[in-house]
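Q: got a sequence here, can you build the structure:
(one chain, ligands or ions: 1)
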Amino acid sequence: MSKATPKIGFVSLGCPKATSDSELILTRMQAEGYEIMPSYEEADLVVVNTCGFIDSAVAESLDAIGEALQENGKVIVTGCLGAKGDIVMRTHPKVLAVTGPHETEAVMNAVHQNLPKLHDPYTDLVPPQGVRLTPRHFAYLKISEGCNHRCTFCIIPTLRGDLVSRPIHEVMQEAEKLVESGVKELLVISQDTSAYGVDVKYRTGFWQGKPLKTRMTELAGALGDLGVWTRLHYVYPYPSVDEIIPLMAEGKVLPYLDIPFQHANERILKLMKRPASSENVLKRIQQWRSICPDITLRSTFIVGFPGETEEEFEELLDFIEVAQLDRVGAFKYSPVEGAAANALPDHVDPDVQEDRLARLMYLQEEISAEKLAKKVGQTMTVLVDDIDEEGAVARSAADAPEIDGLVYIDGADLEVGEFVTVKITDSDEHDLWGEVV
Ligand code: SF4
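A: The predicted structure is shown next:
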């Protein structure tokens, strides 16, 4: 590269959705001839993609911006924190520009103003699938932006607006390119995957000359035809979710459902503005398991929501006990600035929240450990993520990257991105150990 090549440092914080935004921005930068540098010192300018979801993420983002300013001096901020009023400029007035999430164009404009691009774009150097931050063998596929729900603990609709679905042919094209470039697992993400297409009234698009509806079930089926693992994240518990369980039973998409229930008590669910009736949820879980016995269910819950009584929390524990979910993430209610739930009365004491979180996680750990112990002796296909001194680190259909467990395989000669059949030999409350069959 010539001396004049403009160099950019990039810091990507936040959730998989923010990672996907980062990938779009990085792809544009590379296409325009910017070189991405691994350190602050080597860069002419730094872009920080921030997260503003909970208070600890805000603090982390502000720290990252401060560090970039100190080490480099020229900083552009994008992402969820950028959409939260003037907090960035108030804390760090030297920042050159601030944009909100999913604003690739605005970020690029700010970059152009502060670090002009070369005349000769390096378009040809950009691989067809763009630039990805995840390892080569799995990739996040973002199908929509924003959300039509108004859960009272959440400010994402304020930050990102109402649901906007990507055209189905565009999603399929991107998925196909990813598979062509060697991706073995597609992770479908959005704020609300089951709402895909609601905003365009499930418009019929076209893919490979055939009509295809902009709808989760149809999308899942088409992705299943690409012959790689397809994993569905952030599936809001609409009735239509029942339609994709047969696709899981057929092996078209992974038998894995990441479905945030958030609570089990009807009053709390109403206060959260989530669909109520845990009885109904338990019945549905039973039906899903009867159609697809191998299904892995992951969910998230909030404990210590404003007004949650001990009895209501115990109802949640009973639900966890009966539902026997495979994976559970739990969080203490945190009053995110701007969330409607902050105005509710009777906020739960932090010590009580801490205690409830510990009780829930303790119960779930027992359930997870028992469920994983039942897998010892089973044979299953896993995807190798990493190789270290001791062997391979892989994941099964039940494990999404970064949030679930792992399958450790001792000493085998394997490659990253390889599917391999293993026999499970041991387990604990999170992970499995196996040997190649
Ligand atoms: S469905 Fe998810 S993104 Fe939408 S408002 Fe509720 S918590 Fe927020």
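
Q: biggest helix in the chain by residues?
A: Longest among the helix segments of the chain by residue count, using DSSP state H, is helix 350-373.

Q: could you dump it to CSV, C-alpha only?
A: Below are the C-alpha coordinates for helix 350-373, written out as CSV (Å, rounded to 0.1, in the frame of the first residue of the first chain):
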residue,chain,number,x,y,z
PRO,A,350,-30.6,-4.3,45.0
ASP,A,351,-29.7,-6.9,47.6
VAL,A,352,-33.1,-8.7,47.1
GLN,A,353,-32.5,-8.5,43.3
GLU,A,354,-29.0,-10.1,43.8
ASP,A,355,-30.5,-12.8,46.0
ARG,A,356,-33.2,-13.6,43.5
LEU,A,357,-30.7,-13.8,40.6
ALA,A,358,-28.5,-16.2,42.6
ARG,A,359,-31.5,-18.4,43.4
LEU,A,360,-32.6,-18.6,39.9
MET,A,361,-29.2,-19.3,38.5
TYR,A,362,-28.6,-21.9,41.1
LEU,A,363,-31.8,-23.7,40.2
GLN,A,364,-31.0,-23.4,36.5
GLU,A,365,-27.4,-24.7,36.9
GLU,A,366,-28.8,-27.9,38.5
ILE,A,367,-31.2,-28.3,35.6
SER,A,368,-28.5,-27.6,33.0
ALA,A,369,-26.1,-30.0,34.7
GLU,A,370,-28.7,-32.8,34.7
LYS,A,371,-29.7,-32.2,31.1
LEU,A,372,-26.0,-32.2,30.0
ALA,A,373,-25.3,-35.4,32.0
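
Q: please renumber so the chain begins at 663
A: In the new count, where the first residue is 663, that last one comes out as helix 1012-1035.

Q: pull out the buried residues from that helix.
A: Of the residues in helix 1012-1035, 1015, 1018, 1019, 1021, 1022, 1023, 1025, 1026, 1029, 1030, 1033, 1034 count as buried by neighbour count, 16 or more other Cβ atoms under 10 Å. All C-beta atoms are positioned from the backbone trio N, CA, C, and that covers glycine.

Q: same check on stretch 960-975?
A: 960, 961, 962, 963, 964, 965, 966, 967, 968, 970, 974, 975.

Q: out of those residues, which sit inside strands?
A: 960, 961, 962, 963, 964, 965 (DSSP state E).

Q: I'd say the fourth one and residue 925 touch.
A: It refers to residue 963. Yes - using Cβ atoms under 8 Å, residue 963 is in contact with residue 925, at 6.2 Å.

Q: what's the overlap in contacts for those two?
A: residue 978 (Cβ atoms under 8 Å, 6 or more residues apart in numbering).

Q: measure the residue lying closest to residue 779 once chain neighbours are set aside to residue 716 for me?
A: Distance criterion Cβ to Cβ, 6 or more residues apart in numbering; nearest residue to residue 779, sequence neighbours excluded, is residue 694 at 4.6 Å. Remark: distance between residue 694 and residue 716 (Cβ to Cβ, to the nearest Å) = 34 Å.

Q: what about the strands in the stretch 963-1099 of the chain?
A: Using DSSP state E, counting those that start in this stretch, the strands of the stretch 963-1099 of the chain run over residues 989-994, 1041-1050, 1053-1058, 1069-1072, 1081-1089, 1094-1098.

Q: mean confidence (pLDDT) on the fourth one, please.
A: In other words, strand 1069-1072. Strand 1069-1072 carries an average pLDDT of 94.

Q: what lines up beside that strand in the sheet?
A: Here strand 1069-1072 is paired, per DSSP bridges, with strand 1053-1058 (antiparallel), strand 1094-1098 (parallel).

Q: looking at the ones you listed, which one is packed in the most?
A: When the strands paired with strand 1069-1072 are scored by mean count of other Cβ atoms under 10 Å, the highest mean neighbour count falls to strand 1053-1058 (a mean of 23).

Q: that strand vs strand 1081-1089, what angle?
A: Relative orientation of strand 1053-1058 and strand 1081-1089, computed by axes from the mean of the first three to the mean of the last three Cα atoms, to 10 degrees: 100 degrees.

Q: what's strand 1053-1058 in contact with?
A: Against strand 1053-1058 from outside (Cβ under 8 Å, 6+ apart): 1042-1049, 1063, 1066-1074, 1076, 1082, 1084, 1094.

Q: return the distance of it from the chain's centre.
A: Relative to the chain's own centre, strand 1053-1058 is displaced by 20 Å; criterion: Cα atoms, centre = their mean, to the nearest Å.

Q: only the C-alpha atoms, please, for it, written as CSV.
A: Output of strand 1053-1058 as CSV, limited to C-alpha atoms (Å, rounded to 0.1, in the frame of the first residue of the first chain):
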residue,chain,number,x,y,z
GLY,A,1053,-7.3,-30.3,21.2
ALA,A,1054,-10.3,-28.9,19.6
VAL,A,1055,-13.0,-26.6,21.0
ALA,A,1056,-16.3,-27.2,19.2
ARG,A,1057,-20.0,-26.6,19.5
SER,A,1058,-23.1,-28.8,19.0
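
Q: which helix or which strand is home to residue 893?
A: Assigned by DSSP states H and E, residue 893 belongs to strand 891-894.

Q: got the CA positions of the helix or strand that that strand is followed by in PDB?
A: Sequence order places helix 907-912 as the next helix or strand after strand 891-894, per DSSP H and E. C-alpha atoms of helix 907-912 as PDB (Å, rounded to 0.1, in the frame of the first residue of the first chain):
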ATOM      1  CA  ILE A 907     -40.800 -26.400  14.900                       C
ATOM      2  CA  PRO A 908     -41.500 -29.000  12.100                       C
ATOM      3  CA  LEU A 909     -38.700 -27.400  10.100                       C
ATOM      4  CA  MET A 910     -36.400 -28.100  13.100                       C
ATOM      5  CA  ALA A 911     -37.700 -31.700  13.300                       C
ATOM      6  CA  GLU A 912     -36.900 -32.200   9.600                       C
END
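
Q: list the buried residues in helix 907-912.
A: Under 16+ other Cβ under 10 Å, the buried positions of helix 907-912 are 907, 909, 910, 911.

Q: same check, this time on stretch 705-725
A: Across stretch 705-725, burial judged by 16+ other Cβ under 10 Å covers 705-716, 719-720, 722-724.

Q: OK, contacts around residue 709?
A: With contact set as Cβ under 8 Å, 6+ apart, residue 709 has these partners: 670, 671, 672, 673, 687, 737, 738, 739, 740, 769, 773.
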